[in-house]
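Asker: dropping the sequence and predicted coords here.
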Amino acid sequence: MRPTQSPFPATRLRRTRATPAIRNLVRQNTLSVDDFIWPVFVRSGEGIEEPISSMPGVFRRSVDKVVEAAREAADLGIPAICLFPYTGLEERTEDCAGAWDPNNHANRAIRAIKAAVPEIAVMTDVALDTYNINGHDGFVEDGEIVNDRTVEALVKMTLAQADAGADIIGPSDMMDGRIGAMRAALEGAGHQRVMILSYAAKYASAFYGPFRDAVGASGALTGDKKTYQMDPGNADEAMRLIERDLAEGADMIMVKPGLPYLDICRRARDTFGAPTFAYQVSGEFAMIKAAGQNGWIDEERVMLESLMAFKRAGCDGILTYFAPAAARLLQGA
């Protein structure tokens, strides 16, 4: 039961909002640089920072430039970055063999970052979409995205990333049984310290469009992803998926997208108590940037307010393209 408050005027709730000092003392949730994982896009080449038109201020970077981004993140106190490879249609195949190639863009970037900036944690993405000629997260057979054969490929991808030095594996594919298979493979290969941050509740969302531009998947995708990503109308199913992934060996769980699914973040944190993350996805980022550039909102204030919403909903951390900008603001730079 909530304790009874004294009636007005004995209780004046505005007293705790009167000054900055008092507001700081009673604030329930705080936002910190420690809360951020910065998603970064890696491509082939050297000396390249290629702007992404649908994500203002975000770039596809060659490996050397990704290392520079990792140094920037470490200098700002951002604890982790997450790598997403960009591949052109000419690099994609039906067998998706590039996904577990030890010398693909992502794996080369992992090794380069760990050599140059060993203190920063490197997270990776595990899904076949950026290597698949069909643009799907799994193999396509007779128009169907097949589960078990895909899981076998995802395990190979996981091991290649762990061998390269990844600290956190991020399975974003939404295939059944993949967490258990990945955890068993990591244990068997001596990678007991590698963590799994499972995209446990990933919805079939319309908010991913700019991201698909960024990784080159927009032109490749045939059909949609509704047979493996979650229906936006479902909440109880998300709890079942999270419970399963934790039981199979996930160390942390993620809800994706973020702001449209804060109710799922709150339920996940309250139900399981496991480390809970949200992904402030490309569409969320692009809307704030576009409105800010048009002068319709105060971009910096809306950015921080949106990030605070995740903390209020119970998240331990946030994947956000705003990480460097938010870090500078929080540090008063």
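Answerer: Done, it's in. None of the values given here were measured: they were computed from a predicted structure.

Asker: so which residues of the stretch 51-200 of the chain form strands?
Answerer: 59-62, 80-85, 121-126, 140-141, 144-145, 168-171, 195-202 (DSSP state E, counting those that start in this stretch).

Asker: distance of the closest residue to Met182 other than its chain neighbours from Thr124?
Answerer: Using Cβ to Cβ, 6 or more residues apart in numbering and skipping residues adjacent in sequence, the residue nearest Met182 is Thr158, 4.7 Å away. C-beta: built from backbone N, CA, C; applies to glycine. Thr158 is 8 Å from Thr124, where distance means Cβ to Cβ, to the nearest Å.

Asker: now do the shared contacts for the two.
Answerer: The contact sets of Thr158 and Thr124 overlap at Ile169 (Cβ atoms under 8 Å, 6 or more residues apart in numbering).

Asker: what comes into contact with the longest helix anywhere in the chain?
Answerer: Ordering each helix of the chain by length in residues (DSSP state H) puts helix 148-164 first. Contacts of helix 148-164 with the rest of the structure, by Cβ under 8 Å, 6+ apart, involve 96, 99-102, 104, 106-108, 110-111, 124, 126-128, 137-139, 141, 169, 171, 173, 175-178, 181-182, 185-186, 189, 191, 194.

Asker: look up how far Gln28 lies from Gln331.
Answerer: With Cβ to Cβ as the criterion, Gln331 and Gln28 are 22 Å apart.

Asker: please apply the same query to Arg183.
Answerer: 35 Å.

Asker: these two: which is more packed in?
Answerer: Per other Cβ atoms under 10 Å, whichever of Arg183 and Gln28 has more neighbours is Arg183, with 22 against 6.

Asker: spatially nearest residue to that one, not counting backbone neighbours?
Answerer: Closest to Arg183 by Cβ to Cβ, 6+ apart is Gly249, at 3.1 Å.

Asker: what do you get for Met308?
Answerer: Closest to Met308 by Cβ to Cβ, 6+ apart is Leu31, at 5.2 Å.

Asker: burial count for the one you found?
Answerer: Neighbourhood size, Leu31 [other Cβ under 10 Å]: 20.

Asker: can you check Leu221 too?
Answerer: Other residues near Leu221 number 14, with proximity taken as other Cβ under 10 Å.

Asker: show me the contacts for it.
Answerer: By Cβ under 8 Å, 6+ apart, the contact set of Leu221 is Asp129, Asn134, Gly135, His136, Arg212.

Asker: again, but for Asp137
Answerer: Applying Cβ under 8 Å, 6+ apart, the residues near Asp137 are Ala127, Leu128, Asp129, Ile145, Thr150, Ser172, Asp173, Met174, Met175, Lys225, Tyr228.

Asker: can you map out the helices along the stretch 151-300 of the chain?
Answerer: Assigned by DSSP state H, counting those that start in this stretch, the helices in the stretch 151-300 of the chain fall at 178-188, 209-215, 236-248, 262-272, 282-293, 299-312.

Asker: mean pLDDT for those: which is lowest?
Answerer: Lowest mean pLDDT within the helices of the stretch 151-300 of the chain: helix 209-215, a mean of 82.

Asker: what comes up buried for that helix?
Answerer: Pro210, Phe211, Arg212, Asp213, Ala214, Val215 (16 or more other Cβ atoms under 10 Å).

Asker: now swap in stretch 257-274 and tell me
Answerer: For stretch 257-274, by 16+ other Cβ under 10 Å, it's 257-262, 264-269, 272, 274.

Asker: same deal with stretch 111-125?
Answerer: Quick answer for stretch 111-125 (16+ other Cβ under 10 Å): Arg111, Ala112, Ile113, Lys114, Val117, Ile120, Ala121, Val122, Met123, Thr124, Asp125.

Asker: do stretch 170-178 as well
Answerer: Gly170, Pro171, Ser172, Asp173, Met174, Met175, Arg178.

Asker: I would like the residues contacting it, please.
Answerer: Contacts of stretch 170-178 (Cβ under 8 Å, 6+ apart): 82, 123-128, 137-138, 147-148, 150-151, 154-155, 158, 179, 182, 196-199, 202, 228-230, 248, 254, 256.

Asker: for the chain, which spans come out with low pLDDT?
Answerer: For the chain, residues meeting the criterion pLDDT under 70 lie at 1, 217-220, 333.

Asker: and Arg15, how many neighbours does it have?
Answerer: So Arg15, with other Cβ under 10 Å, has 10 neighbours.

Asker: same question, Arg2
Answerer: Neighbours around Arg2, by other Cβ under 10 Å: 4.

Asker: how much space between it and Asp75?
Answerer: 45 Å.

Asker: again, but for Asp148
Answerer: On the measure of Cβ to Cβ, Asp148 and Asp75 end up 44 Å apart.
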